[in-house]
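Undergrad: Mind looking at a prediction? Sequence and model below.
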Amino acid sequence: MYPQRTDRAVLDSVNEPSGVWRNTFRNFAVGTAERFPDFESWAAAQDATYHLGATPDGVRATYLKLASLLDATPLSTKTGPLSGNTFREQTRE
């Protein structure tokens, strides 16, 4: 398509788009739901350093509040706006 711009290209991972990735993406929520409590406990134990909450419930509340604030007002960053959806996507909560 762009021979004047491309010298070499590597094609990797030929996947059938209607099936392979769909189940992977669906399982992100399951995996996060199972593992987020571990993060909550760890972060609560590190509250003096990270200030996310002194209890697992406090950490979850901080996380959800931050996501909600970013939903209302995305944060400008060097790579573009950080919205609540981007935050949740990158942290898989």
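TA: Everything's here; your move.
Undergrad: ok, now which ones touch residue 34?
TA: By Cβ atoms under 8 Å, 6 or more residues apart in numbering, the contact list for residue 34 is empty. No exception for glycine: its C-beta is placed from N, CA and C like everyone else's.
Undergrad: Would it be right to say that it lies in a strand?
TA: No - Residue 34 is assigned helix when assessed by DSSP: H, G, I helix; E, B strand; the rest coil, not a strand.
Undergrad: Residue 75 contacts residue 82, correct?
TA: Yes - assessed by Cβ atoms under 8 Å, residue 75 is found in contact with residue 82 at 4.3 Å.
Undergrad: give the contact list for residue 68.
TA: Applying Cβ under 8 Å, 6+ apart to residue 68 gives the contacts residue 84.
Undergrad: For the strand or helix carrying it, buried residues please.
TA: Residue 68 is located in helix 56-72, with elements delineated by DSSP states H and E. Buried positions in helix 56-72, judged by neighbour count with 16 or more other Cβ atoms under 10 Å: 56, 59-60, 62-63, 66-67, 70.
Undergrad: cool, stretch 79-93 as well?
TA: Under the neighbour-count criterion of 16+ other Cβ under 10 Å, stretch 79-93 has 83-84, 86-88, 93 buried.
Undergrad: Residue 41: what's it in contact with?
TA: Contacts of residue 41 (Cβ under 8 Å, 6+ apart): residue 56.
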